[in-house]
Every structure is written in structure tokens, then in C-alpha cells.
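Undergrad: Sequence isn't available, so here's the structure alone:
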């Protein structure tokens, strides 16, 4: 029976399992120990005798930023959808994170601005803010506490196949090259995934990739935080393309270690650089006064930058031939503009798709088409929202998909109304936080209300 994308999205985001887990696999191998890989390993632990995670980076406690996560130096917030899914797999995770110093961002302590205008309160749910290494280390520790999950430092070099399914993973470690047998493999190696190469080498199809040039740049710095209960604890100051052109905006939040993290973002030539003086000046002159209060504290370390040339999407659901026992998750499937903070939550929802697939009773050694269909709903939601907003920027070349003009008009109406109308703000925030599907914003009642609010504002 047909189900709308919104209904499927809601089912994926539910936090309960529909059936009891069962062990249906011998060894599962996860490629990559970032957020997507760790959550996939947690799901697989309920369905495999053993789970092996392979990652090329040194992952000892306190390792800090690592080359496999180049965006790890930038600001990260765990949105409600991701927080609820992680709590599903690791009960008490949020409490552990907060006890170790992560910041709780309540509705009362968050503020948002758009083009310099303070927005009305919208979302009434909590979020967690911390550095990426902090969140990953806690997630990794919880994952490796599972008795059937192990981690090995190794660089994956290829896959082996036996008939119609994957059979093993080739890797290079300190002891030399080796092949580990596998009944199920999850690729979580990120946006630079080589899975397409490995499939072609094995005689399979390469998943088609979509690329959209965005030429995005971030600059981030941390400052000492002396207030014990700082209000606001987080501020987002966005700039629309109409007012800011290629200037995306700025944001800050409290994080662990009694620190503030401050981020500036821009497209094309609006590139924030490593110059400390420029970051301080822009925070004091170009953004709301809360930014000046934060950057007047002691600067801790250098300004760190990150650039992303494009958004990428690999459409596994379009493959005619695909080996059984093989899926991809996280940025290996869809790597979009991280400015919307949806990356970790998307990865968590991919894990939910994997759980639903493995609980369905199908043969995991056959092509995972049911998984790809579920995952596509999550990918479409995040990709569509991200790329639509990016295409409004002057320097983003496109191409514009069919229907972009009308979808852009709808989005502009909703965003403008969310500044002053609490009802629209709540519905908009629910979509940004990945608690609701984007199609909910195009419902006649919501759109009509947004148009009415904007007309009244114009008068």
C-alpha cells in the first residue's frame, strides 16, 4: 500500500522497534567510525554475532580532531531528531553528555535572527551543543562497550564478492594487507567514499552521483566562557540571499570545557578567513550584540576554516544491479551543506532505516532495495531543503531543478512568516530539526497562513 513520504518519514523517526531484534548475520563490517558508522554498528550489534569497525584514523581517547572528519573543527549541534534516535540506541546518552560538560540549549536560552530581526520563539524542544570530537568520543565509547563490537585501525582498500553478494573487506593495517570475511558491509566512509570504485572493480554498477557546486566556507573560533548560566546559550543569525547575498550568517553556542564556539559562514567570494581581527570586527559590527559579548572573552586557539566545494548525493536506489549484503550511510550517501546542522541527525535516521530493514524479516544477503527506499525518504528531505536554500545564493550556479521557482516562492513565504508568527515558526523549526517532513510546510493551511502573515506585515 502506498504511503506518503511524510508518513514514512514519521515512521522512520519513531523511537520504538516494531519487532524484536533477531540475529541473522555472522560477521558485519562497518567502514568508518564516525557518527554514521558508530550508529550503524549499534544497530548491527542486535542482528550479528560480531561487528567489526574499520577506520584509518587514530581513535584513542582524547585524539581530538582527525583527518577523516575535516568538518570536525566547526560548530555542531545535536538536533532533537538525532538526539532522540541516539537516546533510543544508547539510553542515558544525553545525560552523560551533559554531565561531561556539553551544553543544554533549551528553547528559553536560544535566540534566532534573520536579516537582523529577532525571530519569535518557535521550537520548544531541547538540543545539545558540544564539539564534534566530544560527541564522537562519547558515542564511540558507548558503542565499544557492546560485547560483540570491536574497532580496528585499518585503511579499507576494496571489497570481495561471492556470487550475488559481498563476501569480504580488503584492508591495510600495521600488520600488512588482509581480507576479513563479511556477511554484511556498511560503508560509512564519508563524502570521499570509494565504494563506487570498488563496485566497478567487482563488475557491478557505480551508483550515479549528483553534484551541486556551492563553494561554501566557514571560519570558527573558541572563546572562554565565564558565565555559569549564560543566556542566551546559543544564537543563530541568518542572512537571506535577498539581504545578505552570499553571506550565510553567523552562529555561536556554549560547548564543553567552559567555552564558546563562534562560526561565520559564506559562499563564493564572501569567504571568512583565518584573520582573528576580521572575525572579531564582523562579530562586533555585522551581527546582533550577543556576538560582541561572546568575542570579548579570551580567545582560545587559532581561527579554523573549512571549505566545501559541493554537495554530493549517491543514488543507490537507482542501481539496476547491486550486490546483496551491502549498504551505505551518512555522508557516503548524501553530503549536503552542513550549515543547517542536519548531518548527525540524518546519520541517526539512516541507522533507524537500517534497523527497520533488518527487523523486517527479509534476507540481508539479498540486495537491500527496501533499505534504499526507506533511506531515500530521509535523503530527499535533507537534500531538498539544503539545495533549495543554496540555489537562492547569487554565486551558486545550479542547475535549478524543475519546479524550483514555485518551491522557492513557498520557501520564501514560510521563512518570512516564521520571523513574526509563532505557529509558522514552530512548524518551520520542526522541519529544520528533522522532526517533520518538508512537505508539511506546503500544506494549504500552513501556506495560506504564511501568505496572510506576510501581507499583513507588508501593509
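TA: Great, that's in hand. What you see is a predicted model, and the numbers here were worked out from it, not measured in a lab.

Undergrad: excluding its backbone neighbours, what's nearest residue 25?
TA: Spatial nearest neighbour of residue 25, chain neighbours left out: residue 48 (3.9 Å); criterion: C-beta to C-beta, 6 or more residues apart in numbering. Backbone N, C-alpha and C define where each C-beta goes, glycine included.

Undergrad: and the one you found, how many neighbours does it have?
TA: Residues contacting residue 48 under the criterion other C-beta atoms under 10 Å number 24.

Undergrad: residue ranges for the helices of the stretch 251-400 of the chain, please.
TA: Assigned by DSSP state H, counting those that start in this stretch, the helices in the stretch 251-400 of the chain fall at 276-285, 289-295, 343-359, 369-390.

Undergrad: Comparing those, which stretch has the densest surroundings?
TA: Counting by mean count of other C-beta atoms under 10 Å, helix 343-359 has the highest mean neighbour count of these, with a mean of 26.

Undergrad: by contact count, what packs against that helix?
TA: helix 5-13, helix 35-44, helix 80-89, helix 369-390 (3 or more C-beta pairs under 8 Å, 6 or more residues apart in numbering; DSSP states H and E).

Undergrad: how far away is residue 7 from residue 289?
TA: 44 Å (C-beta to C-beta, to the nearest Å).

Undergrad: An error on my part: the question was meant for residue 261.
TA: Look at residue 261 and residue 289: by C-beta to C-beta, they are 18 Å apart.

Undergrad: still on that earlier bit, any chance of the backbone angles for the residue nearest to residue 25?
TA: Reported as degrees, to the nearest 10, the phi and psi values for residue 48 are phi -130, psi 150.

Undergrad: domain ranges for this protein?
TA: 13-69+134-210+312-389, 93-133+212-309, 401-458 (automatic domain parsing).

Undergrad: sec struct for residue 71, please.
TA: helix (DSSP: H, G, I helix; E, B strand; the rest coil).

Undergrad: which ones are touching the closest residue to it other than its chain neighbours?
TA: Distances taken as C-beta to C-beta, 6+ apart put residue 306 closest to residue 71, at 5.4 Å, once the chain neighbours are dropped. Counting by C-beta atoms under 8 Å, 6 or more residues apart in numbering, residue 306 touches 70-71, 73-74, 217-218, 220.

Undergrad: swap the cut-off to 6 Å and go again
TA: 71, 74, 218 (C-beta atoms under 6 Å, 6 or more residues apart in numbering).

Undergrad: thinking again about what came up before, can you add distance to residue 83 and mean pLDDT and give the domains of the chain back as JSON lines?
TA: Shown next, in JSON lines, are the domains of the chain (distance: least, C-beta to C-beta, whole Å; pLDDT from 0 to 100):
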{"stretch": "domain 13-69+134-210+312-389", "distance to residue 83": "8", "mean pLDDT": "93"}
{"stretch": "domain 93-133+212-309", "distance to residue 83": "6", "mean pLDDT": "94"}
{"stretch": "domain 401-458", "distance to residue 83": "9", "mean pLDDT": "94"}
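
Undergrad: about what we covered before: distance of the residue nearest to residue 25 relative to residue 337?
TA: On the measure of C-beta to C-beta, residue 48 and residue 337 end up 34 Å apart.

Undergrad: what residues are up against residue 182?
TA: Here residue 182 is in contact with 27, 29, 168-169 (criterion: C-beta under 6 Å, 6+ apart).

Undergrad: Tell me where the stretch 51-200 of the chain has strands.
TA: Counting by DSSP state E, counting those that start in this stretch, one finds strands in the stretch 51-200 of the chain at the ranges 77-78, 103-105, 110-114, 117-118, 127-129, 149-153, 155-162, 165-173, 176-181, 184-187.

Undergrad: what's the closest non-adjacent residue to the residue most central in space within the chain?
TA: Closest residue to the average C-alpha location of the chain: residue 343 at 0.5 Å, with C-alpha atoms, centre = their mean. Leaving aside its chain neighbours, residue 343 sits nearest to residue 331 (7.0 Å; criterion: C-beta to C-beta, 6+ apart).

Undergrad: So that neighbour is in contact with residue 191, correct?
TA: Yes: in this structure residue 331 lies within contact range of residue 191 using C-beta atoms under 6 Å: 4.4 Å.

Undergrad: dump the residue contacts of residue 47.
TA: 21, 24-25, 358 are the contacts of residue 47 under C-beta under 6 Å, 6+ apart.

Undergrad: List the ones among those that fall in strands.
TA: Among these, the residues falling in strands (DSSP state E) are residue 25.

Undergrad: Just among the contacts of residue 47, which is most surrounded?
TA: residue 358 (24 neighbours).

Undergrad: quick one: contacts for that one?
TA: Applying C-beta under 6 Å, 6+ apart, we find residue 358 in contact with residue 47.

Undergrad: any idea how far it lies from residue 149?
TA: 15 Å.

Undergrad: if we can go back for a sec, looking at residue 331 and residue 191, which has the bigger crowd around it?
TA: Set residue 331 next to residue 191 and count neighbours by other C-beta under 10 Å: residue 331 wins out with 26 against 19.

Undergrad: Endpoint to endpoint, stretch 427-444 covers what distance?
TA: 13 Å (C-alpha to C-alpha, to the nearest Å).

Undergrad: For it, buried residues please.
TA: Buried residues in stretch 427-444, counting neighbours by 16 or more other C-beta atoms under 10 Å, are found at 427-438, 440-441.

Undergrad: now, which of these sits nearest residue 121?
TA: residue 429 (9.3 Å; C-beta to C-beta).

Undergrad: Could you tell me whether the closest one really is in a strand?
TA: No: going by three-state DSSP, the assignment for residue 429 is helix, not a strand.

Undergrad: contacting residues around it?
TA: Here residue 429 is in contact with 122-123 (criterion: C-beta under 6 Å, 6+ apart).

Undergrad: Any chance of a markdown table for the buried residues of stretch 427-444, columns distance to residue 56?
TA: Shown next, in a markdown table, are these (distance: C-beta to C-beta, whole Å):
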| residue | distance to residue 56 |
| --- | --- |
| 427 | 42 |
| 428 | 39 |
| 429 | 37 |
| 430 | 37 |
| 431 | 35 |
| 432 | 33 |
| 433 | 32 |
| 434 | 29 |
| 435 | 34 |
| 436 | 37 |
| 437 | 36 |
| 438 | 35 |
| 440 | 40 |
| 441 | 40 |
